[in-house]
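A.B. asks: here is the input, now give the coordinates:
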Amino acid sequence: MKIKDEYGELSSGSGQINPTSAVHPGLIYDINESSYISFLCKEGFNSTTIGLLIRAKQKYNCSSFKPALGSDGLNYPSMHIHLNGTEPRISAVFYRTVTNVESGSYEFKAKVTSPKELSIAVIPETLKFKSKHQKKSFKVSVKGGSMKNGSDILSATLEWRSNKGHNVKSPILVFKQQPSF
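C.D. replies: Prediction:
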């Protein structure tokens, strides 16, 4: 059953999967603890708050972690831009790394579906893997004019399609903060 939802991916979350296809996903976005800590540092958390969040016994110093890159600094399938309403234009860059989890060589091509208000570029547009566990990085650039009055969410999708039938989707969201009353 399909229901049109005005909030798109914001109401369905990230990582919606097809259980049958999930056994052989093709690509994964993997992440480790230090990547999460770099992200938290970029978001302004300090060693005390990071320690509370991850229940760590040792202190973390943000300067000892590689700075997180891009608009969000997290290697996660979904990408989002949160506007506060004063930005004159939409502009964000996301850096991602995926791992081939299938045996043999694979080629994945990017397919972007987006509204006319957004310009989305994926560099490179093709990822060629020669072996299992090989990693490849790519960049997603999102640009657009200011969001018009009445438009609170713009939703797009990046889909990596393989030459052997794998499809890996990533939602891309631009949303404007609602005024508080």
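A.B. asks: so what touches the helix or strand hosting S155?
C.D. replies: Assigned by DSSP states H and E, S155 belongs to strand 153-162. Contact with strand 153-162 is made by 6-10, 26-27, 79, 90, 98, 106-115, 117-118, 120, 122, 127, 140, 142, 144, 147, 166-176, as judged by CB atoms under 8 Å, 6 or more residues apart in numbering. (C-beta placed from N, C-alpha, C; glycine too.)
A.B. asks: next one: stretch 122-132
C.D. replies: Stretch 122-132 is contacted by residues 98, 100-110, 112, 136, 138-141, 158, 160 when judged by CB under 8 Å, 6+ apart.
A.B. asks: report the buried residues of it.
C.D. replies: Under the neighbour-count criterion of 16 or more other CB atoms under 10 Å, stretch 122-132 has V122, L127, F129 buried.
A.B. asks: from the residues you listed, which land in strands?
C.D. replies: Residues of the buried residues of stretch 122-132 located in strands (DSSP state E): V122, L127, F129.
A.B. asks: which other residues reach stretch 61-69?
C.D. replies: By CB under 8 Å, 6+ apart, stretch 61-69 touches 34-35, 37-39, 41-42, 45-47, 50, 73-74, 95.
A.B. asks: what do you get if the cut-off is 10 Å, keeping everything else the same?
C.D. replies: With contacts defined as CB atoms under 10 Å, 6 or more residues apart in numbering, stretch 61-69 is touched by 34-47, 50, 73-75, 93-96, 139.
A.B. asks: look up how far K59 lies from the nearest residue to N75 once chain neighbours are set aside.
C.D. replies: In space, N75 comes closest to I31 once its chain neighbours are excluded; the distance is 5.0 Å by CB to CB, 6 or more residues apart in numbering. I31 sits 22 Å away from K59, going by CB to CB, to the nearest Å.
A.B. asks: those two: which has the busier surroundings?
C.D. replies: Counted by other CB atoms under 10 Å, I31 and K59 do not tie: I31 has more neighbours, with 13 against 10.
A.B. asks: touching, that one and F39? I think so.
C.D. replies: Yes. Assessed by CB atoms under 10 Å, I31 is found in contact with F39 at 8.9 Å.
A.B. asks: residues shared between the contacts of those two?
C.D. replies: Contacts common to I31 and F39, judged by CB under 10 Å, 6+ apart, are L74, N75, Y76.
A.B. asks: check what pLDDT the first one gets.
C.D. replies: Taken from the predicted model, the pLDDT recorded for L74 is 88.
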